[in-house]
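A.B. asks: Sequence and predicted model, in that order:
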Amino acid sequence: MIKFGLIEEWDPRPGHLTSWVASLASVTAAGQAPAHPVPASH
């Protein structure tokens, strides 16, 4: 289950942490991609 909230309210339980970083190839490809004409939304 996913719970959304403010980062200041985040109180994770002890355990494993999974994180990721985009590869150099991904960053390069994203930097060369054209901008989408529709503005970002959420």
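C.D. replies: Cool, got the structure. Numbering: from 1, shown residues only.

A.B. asks: alpha carbons only for contacts and neighbour counts from here, please
C.D. replies: OK.

A.B. asks: Low-confidence ranges, the chain, go.
C.D. replies: Along the chain, segments meeting pLDDT under 70 span 1.

A.B. asks: The residue of it most remote from its centre and A35: what is the separation?
C.D. replies: Taking Cα atoms, centre = their mean, the residue of the chain most remote from its mean C-alpha position is P14, at 21.7 Å. According to Cα to Cα, to the nearest Å, P14 stands 40 Å off from A35.

A.B. asks: Also S23?
C.D. replies: Using Cα to Cα, we find S23 at a distance of 20 Å from A35.

A.B. asks: which residues touch the residue farthest from the centre of the chain?
C.D. replies: For P14, the set of contacting residues under the criterion of Cα atoms under 8 Å, 6 or more residues apart in numbering is empty.

A.B. asks: any idea how far it is from V27?
C.D. replies: The separation that P14 has from V27, given Cα to Cα, amounts to 31 Å.

A.B. asks: cool, and W10?
C.D. replies: 28 Å.

A.B. asks: where does S26 land in three-state SS?
C.D. replies: Three-state call for S26 (DSSP: H, G, I helix; E, B strand; the rest coil): helix.

A.B. asks: and it, how many neighbours?
C.D. replies: S26 has 11 neighbours, counted by other Cα atoms under 10 Å.

A.B. asks: and what of the one 10 residues further on?
C.D. replies: For H36, the number of neighbouring residues by other Cα under 10 Å comes to 7.

A.B. asks: Where do the helices of the chain begin and end?
C.D. replies: Taking DSSP state H as the criterion, the chain carries its helices at 24-32.
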